[in-house]
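Enquirer: Here's a sequence, model it:
(one chain, ligands or ions: 3)
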Amino acid sequence: YNAVNDAGSGVGVLGDTKPLNTYFSSGTYYLYDTTKAMTGVIETRTAANSTSLPGNYSVDPDNNFNATSQRADVDAHYYAGVVYDYFKNTHNRNSFDNRGATIRSTVHYSRNYNNAFWNGSQMVYGDGDGTTFRALSGALDVVAHELTHAVTERTAGLEYQNQSGALNESISDTFGVFLDKKNYLIGEDVYTPNKPGDALRSLSDPGLYGQPDHMSKYVNTTADNGGVHTNSGIPNKAAYLTISKLGTSVAEKIYYRALTVYLSPKSNFKDARSSLLAAAADLYGSGSTQYNAVASAWTQVGVN
Ligand SMILES: O=C(NO)[C@]12CC[C@H](CC1)C2
Ligand SMILES: [Ca+2]
Ligand SMILES: [Zn+2]
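Expert: Ligands and ions are numbered 1, 2, ... in the order given. This next block holds a predicted model:
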């Protein structure tokens, strides 16, 4: 007797309890959520500290995923659902492919692994080493960041190098802020667990964490695919200026339309400015308050 079970519960990375959509089969509960799309599901698996993907389903005998070893699994599953709901409810997008693709996440990847990534097919999260990071699925902005890489890959296809790559990174950080509205920081919930108040990146003040916030400070380098995690500070600052002026509900419509209608694989920062202006013009009119706010933001970061 197979049953969809939304009476599951779990304890996340930060020790918080949350409801889980699970699947019951032959006496076992699975992190397998069929309550979302009519087609795909949201499934969470564990690599059990190996590097073999996708790993086995995360399971529990009583539908209460409250073991310490299950915390990363709980948050990967729960936050994937939150991000699915966001793209469906806010942008009418059904999963990253807009056709209800299954969202698959694997946690406990490798050992002391201080990273998370979308590998072209699925989400992968490390546990962190407990000093630089704790389990990376414990942050909604990180999960949103990674799943937005999947959306970008299926839409604009921004090449992951130089300016288009920094834009790719910035789009992921920007949607991270659209989901995790409590601040303009990225990674703060899982970064340096023993050091309160810091973050991986700041959109409001990229310089706080060594990123440029103006075109005049663009870093020419071959490292990190042309500094994609460094130069993203420039479009990130423009995003902060736009969101703080227009609010999330207006800004996210402009960004989503730019991403899905105007941006393309080789788009650079100037193309981002024109794509966002075109989207703002479509939605609110050329010369509108919204349009002018976007123009002002990009002028302030030196992209005209
Ligand atoms: O920026 C990133 N990936 O492109 C990060 C690095 C640490 C968090 C998980 C993945 C954000
Ligand atoms: Ca955040
Ligand atoms: Zn990224």
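
Enquirer: who does the host helix or strand of residue 75 touch, helix- and strand-wise?
Expert: Per DSSP states H and E: residue 75 is located in helix 71-91. Here helix 71-91 touches strand 3-11, strand 17-25, strand 42-46, strand 103-107, strand 123-125, helix 140-154, helix 162-179, helix 248-257, going by 3 or more C-beta pairs under 8 Å, 6 or more residues apart in numbering; DSSP states H and E. The way it works is simple: take the backbone N, C-alpha and C, and place the C-beta from them, glycine included.

Enquirer: Dump those into TSV; add distance to ligand 1, mean pLDDT and mean neighbour count as well.
Expert: Shown next, in TSV, are the helices and strands packed on helix 71-91 (distance: least, C-beta to the nearest ligand atom, whole Å; pLDDT from 0 to 100; neighbours: other C-beta atoms under 10 Å):
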stretch	distance to ligand 1	mean pLDDT	mean neighbour count
strand 3-11	21	80	17
strand 17-25	21	95	18
strand 42-46	17	97	26
strand 103-107	13	98	26
strand 123-125	8	98	29
helix 140-154	5	98	24
helix 162-179	6	98	26
helix 248-257	17	98	20
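
Enquirer: Out of these, which gets nearest to residue 236?
Expert: helix 162-179 (5.0 Å; C-beta to C-beta).

Enquirer: Return the list of strands paired to the next helix or strand after the closest one, each annotated with direction.
Expert: Downstream of helix 162-179, the first helix or strand assigned by DSSP H and E is strand 185-186. With DSSP bridges as the test, strand 185-186 is paired with strand 201-202 (antiparallel).

Enquirer: any idea of the mean pLDDT in the partner strand?
Expert: On average, the pLDDT along strand 201-202 is 98.

Enquirer: So for the helix or strand that it is followed by, what gets flagged as buried?
Expert: Downstream of strand 201-202, the next assigned helix or strand under DSSP H and E is helix 224-231. By 16 or more other C-beta atoms under 10 Å, the buried positions in helix 224-231 come out as 225-231.

Enquirer: Sounds good, over and out.
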